[in-house]
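Undergrad: got a predicted model here, sequence first, then my questions.
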Amino acid sequence: MSILDGVQRVLSLYAEGATELSFTDVAARLAMPKSTASRLLNQMQHYGMLDQDASTRRYRAGALLAQAVRAGMAATPLDEACRAVLTRLSDDSGLTAYLSTLNQRETVVLQRLNGSHPVQVLSPPGSRRNASGTAMGRALLSRLSDAEFQALYGADPAQPLPMEGRDCPATVGDLARLVEQTRADHCGVAIDQAMPGIGAVAAAVRDPATGELRGLCLSFVSFQADAARVTRLRESVLQQVAALGRELHDPYWLA
C-alpha cells in the first residue's frame with residue numbers, strides 16, 4: 001500500500017461521517033496493522049491533514065483540509081438561490097434539507113439545513129454516496145443526457161453495480177430504468193434502500209447558462225412518513241424546485 005493509498009482510505013472514513021478517530025479505530029476499520037495506522041496518522045498530522053486532540057489523542061480532520069473544502073465549495077449564485085429553497089422546504093416540513101451535486105458516480109453534500117423535528121437525518125457537507133442507490137443521486141442523474149450517463153456507467157445494461165441495500169439497482173440497466181422514471185416524474189423517492197431506515201424525496205435543477213447541476217432533497221427517518229406524508233413531501237419539493245427551475249429558465253422545468 002502506498003502512502004497515498006493510505007491517506008485516501010483514512011480520509012474516506014471522515015468523508016463517511018466520522019468526526020474523531022483513534023489509531024486503533026483506523027486500524028480496525030481499515031483492517032490495517034496498528035503500527036501502520038499510527039505511523040500514517042502521525043504523518044498526516046505532520047502535513048496538516050489531521051489535527052490531534054491533546055487530551056484524548058484522537059484525530060480529526062485538519063485545518064488545511066477544512067480550508068481546501070471551503071475553497072472548493074464556495075457558494076455560487078446558484079447555491080444561494082438553492083439555499084433559499086432549502087430554507088422554505090426545511091421550515092415547512094421540519095425535516096433536514098440537503099443541497100448536493102454530482103461528482104462522477106457519487107453525490108457530494110454541499111449544504112445541509114437542520115429541521116425542527118427532534119429526529120434528524122444528518123450527513124455533514126462533503127459527505128459522499130453512490131448516486132445509484134439514493135433519491136438525490138437518481139434525481140441528479142436524471143438531468144444528464146444519455147451520452148453523459150453512458151460516460152459514467154457505460155453502455156452495457158448488464159454491467160453490475162455495487163449492492164448497497166434493499167431494492168437498489170443491481171445493474172446499469174436497472175439504474176437506467178429508475179433514472180428514466182425519475183426524469184418522467186421530475187422527482188426521486190427512495191425509502192429504506194441504500195440507507196435502511198431512511199427516506200428522501202429529491203429533485204434537481206441545471207443552470208442552462210453555466211451547466212451547473214444541483215439536487216435538493218428532504219430526508220427523514222422512515223417511521224416519520226406514511227404514504228400520505230411522502231406524497232405531501234413530494235408535492236412540496238416539486239413545487240419549490242419547479243419554481244426555482246423556472247427562475248433559472250431551466251428547460252426541464254419549463255415544459
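TA: Perfect, thanks for sending it.
Undergrad: now for residue 152, how many residues are close by?
TA: A count of nearby residues for residue 152, using other CB atoms under 10 Å, gives 15. C-beta here means a position set from N, CA and C on the backbone, and glycine is covered the same way.
Undergrad: which residues touch it?
TA: 104, 105, 141, 144 (CB atoms under 8 Å, 6 or more residues apart in numbering).
Undergrad: same thing but 7 Å
TA: Taking CB atoms under 7 Å, 6 or more residues apart in numbering, we find residue 152 in contact with 104, 105.
Undergrad: next: residue 95.
TA: Residue 95 touches 115, 117, 218, 219, 220, counting by CB under 7 Å, 6+ apart.
Undergrad: can you pick the most crowded of those residues?
TA: Going by other CB under 10 Å, residue 218 tops the contacts of residue 95 with 29 neighbours.
Undergrad: any low-confidence regions in the stretch 101-250 of the chain?
TA: Residue ranges of the stretch 101-250 of the chain with pLDDT under 70: 117-122.
Undergrad: picking up where we left off before, mind checking which of the contacts of residue 95 land in strands?
TA: 218, 219, 220 (DSSP state E).
Undergrad: closest to residue 14 out of those?
TA: Nearest to residue 14 among the ones in strands among the contacts of residue 95 is residue 219, at 20.3 Å by CB to CB.
Undergrad: now do the SS call for the nearest residue to residue 133 once chain neighbours are set aside.
TA: In space, and not counting its chain neighbours, residue 133 is closest to residue 194: 3.0 Å by CB to CB, 6 or more residues apart in numbering. Here residue 194 is recorded as coil under DSSP: H, G, I helix; E, B strand; the rest coil.
Undergrad: could you look up the next helix or strand downstream of the longest helix belonging to the chain?
TA: The single longest helix within the chain, with elements called by DSSP state H, is helix 227-248. Using DSSP states H and E, the next helix or strand after helix 227-248 towards the C-terminus is helix 251-254.
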